[in-house]
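Novice: fold the following for me, if possible:
(one chain, ligands or ions: 1)
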Amino acid sequence: MIVNPKDRINGEITVPGDKSISHRAVMLGSIAEGITEVTGFLMGADCLSTIECFRTLGIPIEVNDKKVTIHGKGLLGLAAPAKTLDVGNSGTTIRLMSGILSAQSFSSDLTGDASIQKRPMLRIVAPLREMGAKIDGKEGGKYCPLHIEGQPLKGIHYNLPVASAQVKSAMLFASLYAEGETIIIEPAPSRNHTEIMVNFFGGKIVHKDNVIISSPVKKLTGQYIEVPGDISSAAYFIAAALILPNSELLIKNVGVNPTRDGIITVFKQMGADIELLNQRTQCGEPVADILVRSSDLHGTEIGGSLIPKLIDEIPVIAAAACYAQGITIIKDAQELKVKESNRIQTMVSELKKMGASITETDDGMIIEGSHSLRGSEVESYHDHRVAMSLAIAALRAKGETRIHNSDCVNISFPDFFSYLEKL
Ligand code: S3P
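Specialist: As a prediction, the model looks like this:
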């Protein structure tokens, strides 16, 4: 994709549905009784992989424009799959589904693309094994393909070693089937969409401070779910409006769950003019319209418990920080190394090609802002968030930027480039 600089971005948009919420709606809808209707569903490749996996498990799912209808068959209504479940590029699919599949009365195999086969699985395999799961994978369960032999499970008390919503959610899905309570202690709050949606479907998960207590359920009931826009997708346009002078952008109907809104906290810390309008709750999730105006950003320090609240937005924050006055330090973000690409390495190397003054550190990066970037040939490394973040950096660079392997935006935001073009 070729991206040329722009001097402003103006107007009103809505962004595609939240990826995390879309996955969870299919999963819970499949193991609930009766029909679940989902509007605003994200039709990105990752969420379509989740739909395909549940179809392979015998759940009828209709996809109609942005509406998905799931004919749930109850907690034990999934059928043994006739083939290996293919999660494509989706870490959320493989990790969360493993929790459900561990408790079934059949065996299953899960795999995905080259990137997913390199991503760590022991983080879910270890706690699921403690719950009684028979789950194995390559190198003793470090990597997929995973093989799961469904078993009766038991609730455990578990200290999460990393603040990961995927690990927490794999356990929470397993806990629905387990004997006794499952108690999870988080080192820092991570996205809580599973907790919210399980309760919305009739389950019982209680959250107090950093302790989550989940009780087994007898049944879940199909629901009507309205998925809000994904703040992780809105992030690209928020950043664009901030760094391009004379911009004013209204992004309507965005999920602003406090476990996901770190990007707003950080941009405000950097001097951003951002307002949340029309704040409301939709299916238990906080939602708002986000008004952004161009701002003179200054550098900041990002670390600690803020990291899980903006983990997917760090690439675009790095891009915006190149245009801020002064130094931005991102630390405690080692988790970036095990995303779709090593996002510390990939963002540092590609922004450097554009002339950024940016240094890789062991747990993040240091960016000296206020430098004007130059359009260059850059690589996405088949990582959707890297491709989109580089496109935002390119909007204020001098000259044209060519992003190689930009098709990967299909994973979370298939229309990303047409949105940019329209704006
Ligand atoms: C997600 C959790 C995060 C995030 C990913 C989606 C989820 O991963 O990076 O894009 O939907 O639970 P981790 O839990 O591995 O940090």
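Novice: count the residues that sit near whatever residue of the stretch 1-150 of the chain ends up closest to the ligand.
Specialist: Nearest residue of the stretch 1-150 of the chain to the ligand, counting by Cβ to the nearest ligand atom: residue 20, 3.3 Å away. For every residue, glycine as well, the C-beta is placed using N, CA and C. By other Cβ atoms under 10 Å, 29 other residues sit near residue 20.
Novice: for residue 189, which non-adjacent residue is spatially closest?
Specialist: What sits nearest to residue 189 in space, not counting adjacent residues and going by Cβ to Cβ, 6 or more residues apart in numbering, is residue 259, at 5.3 Å.
Novice: and that neighbour, what element?
Specialist: Using DSSP states H and E, residue 259 maps to neither a helix nor a strand.
Novice: pretty sure it sits against residue 192.
Specialist: Yes - between residue 259 and residue 192 there is a contact under Cβ atoms under 8 Å: 5.0 Å.
Novice: which residues of the stretch 201-350 of the chain fall in strands?
Specialist: 204-208, 211-215, 224-226, 248-255, 273-282, 285-293, 301-302, 327-330 (DSSP state E, counting those that start in this stretch).
Novice: that older thread, check contacts around the residue nearest to residue 189.
Specialist: When contacts are counted by Cβ atoms under 8 Å, 6 or more residues apart in numbering, residue 259 is found next to 165, 189, 190, 191, 192, 308, 309.
Novice: secondary structure, distance to residue 147 and pLDDT for those - can I get that in CSV?
Specialist: Output for those, formatted as CSV (DSSP: H, G, I helix; E, B strand; the rest coil; distance: Cβ to Cβ, whole Å; pLDDT from 0 to 100):
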residue, secondary structure, distance to residue 147, pLDDT
165, helix, 24, 98
189, coil, 33, 97
190, coil, 27, 98
191, coil, 28, 98
192, coil, 30, 98
308, helix, 30, 98
309, helix, 34, 98
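Novice: report the buried members of those.
Specialist: 165, 189, 190, 191, 192, 308, 309 (16 or more other Cβ atoms under 10 Å).
Novice: need the contact list for residue 77.
Specialist: 31, 58, 59.
Novice: same question for residue 41.
Specialist: Residue 41 makes contact with 17, 22, 25, 47, 63, 66, 67, 68, 227, according to Cβ under 8 Å, 6+ apart.
Novice: against which helices or strands is whatever helix or strand residue 169 lives in packed?
Specialist: Residue 169 belongs to helix 165-175 when elements are defined using DSSP H and E. Helix 165-175 sits against helix 19-31, helix 91-101, helix 122-130, strand 182-185, helix 193-200, strand 211-215, with contacts defined as 3 or more Cβ pairs under 8 Å, 6 or more residues apart in numbering; DSSP states H and E.
Novice: give me the contact list for the fourth one.
Specialist: When you say that, I think you mean strand 182-185. With contacts defined as Cβ under 8 Å, 6+ apart, strand 182-185 is touched by 131, 155-160, 168, 171-172, 174-175, 210-214.
Novice: 10 Å instead, please
Specialist: 127, 131, 153-160, 167-169, 171-172, 174-176, 195, 205-207, 209-216 (Cβ atoms under 10 Å, 6 or more residues apart in numbering).
Novice: among those residues, which are in reach of the ligand?
Specialist: For the ligand, the contacts drawn from the contacts of strand 182-185 by Cβ under 6 Å from any ligand atom are residue 169.
Novice: just the buried ones from the contacts of strand 182-185?
Specialist: Here, 16+ other Cβ under 10 Å leaves 127, 131, 153-156, 158, 160, 167-169, 171-172, 174-176, 195, 205, 207, 212-214, 216 buried among the contacts of strand 182-185.
Novice: hmm, back to that, and the residue nearest to residue 189, how far is that from residue 328?
Specialist: As judged by Cβ to Cβ, to the nearest Å, residue 259 and residue 328 stand 23 Å apart.
Novice: ok, now residue 88?
Specialist: Remark: distance between residue 88 and residue 328 (Cβ to Cβ) = 33 Å.
Novice: what about those two, which has more around it?
Specialist: A direct count of neighbours by other Cβ under 10 Å for residue 88 and residue 328 places residue 328 higher, at 25 against 19.
Novice: surely that one meets residue 267?
Specialist: No - Residue 328 is not in contact with residue 267 according to Cβ atoms under 10 Å; the separation is 11.3 Å.
Novice: could I get the contacting residues of residue 333?
Specialist: Residue 333 neighbours (Cβ under 10 Å, 6+ apart): 302-303, 306-308, 310-311, 314, 343-344, 361-365.
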